[in-house]
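Undergrad: Kindly return the folded structure for what I paste below:
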Amino acid sequence: MALNTVEEDLVARAREIIRLRGKAEWHTVGCAMRTRSGRIFAAVHLEAYVGRVAVCAEAIALGMGAADGDTEIDQIVAVDQAGDVVSPCGMCRELILDYSPNAKVIVPGDDGPVAVPAETLLPAKYQRGEA
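TA: Residues are numbered from 1 along each chain as shown. This next block holds a predicted model:
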């Protein structure tokens, strides 16, 4: 199913942040996150000289929301430097589900981006206290 206008606007915001703040080899993914309160947090990922040191844009956007006490994700999307929607990595899927199990995540689909429930991206998610 095609994205609605609100979802398209969120994708546009992710594209805008990577266009404005993206820097080859440093900030190659942009993210926009809408919280249930309607606020939007946009961020780019951080890369370091050491290839194993990176912080995802989704985690930074969520951290921005946490700093303002607003972590109930309604929808979230990440895009690459070309502005193409990309799926969140495994760590980000964990974070999204930990903070907002009912979040919608905009991911690539067969006919363009689609919004899917976060829980569909991480079946059999790790739970505290389980062996």
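
Undergrad: wait, what's in contact with residue 122?
TA: Neighbouring residues of residue 122 by CB atoms under 8 Å, 6 or more residues apart in numbering: 90, 93-94, 97. Just so you know, the C-beta spots here come from the backbone N, C-alpha and C atoms, and that holds for glycine as well.

Undergrad: pLDDT score assigned to it?
TA: Note on residue 122: pLDDT of 86.

Undergrad: how close does it get to residue 96?
TA: 8 Å (CB to CB, to the nearest Å).

Undergrad: Over to residue 126?
TA: In this view, residue 126 and residue 96 are 13 Å apart by CB to CB.

Undergrad: again, but for residue 25
TA: For residue 25, the distance to residue 96 - CB to CB - is 26 Å.

Undergrad: which of those two has more neighbours?
TA: Between residue 25 and residue 96, counted using other CB atoms under 10 Å, the more crowded position is residue 96 (24 against 7).

Undergrad: Grab the nearest non-local neighbour of the more buried one.
TA: Spatially, and ignoring its direct neighbours in sequence, residue 96 is nearest to residue 118 (4.9 Å; CB to CB, 6 or more residues apart in numbering).

Undergrad: Pull the number of nearby residues for the one you found.
TA: Around residue 118 there are 24 residues (other CB under 10 Å).

Undergrad: what does the lengthiest helix in the chain rub up against?
TA: If you go by DSSP state H, the chain has its longest helix at helix 5-21. Helix 5-21 is contacted by residues 3, 27-32, 34, 40, 42-44, 75-81, 83, 85, 104, 106, 113, 115 when judged by CB under 8 Å, 6+ apart.

Undergrad: Appreciated, that's everything.
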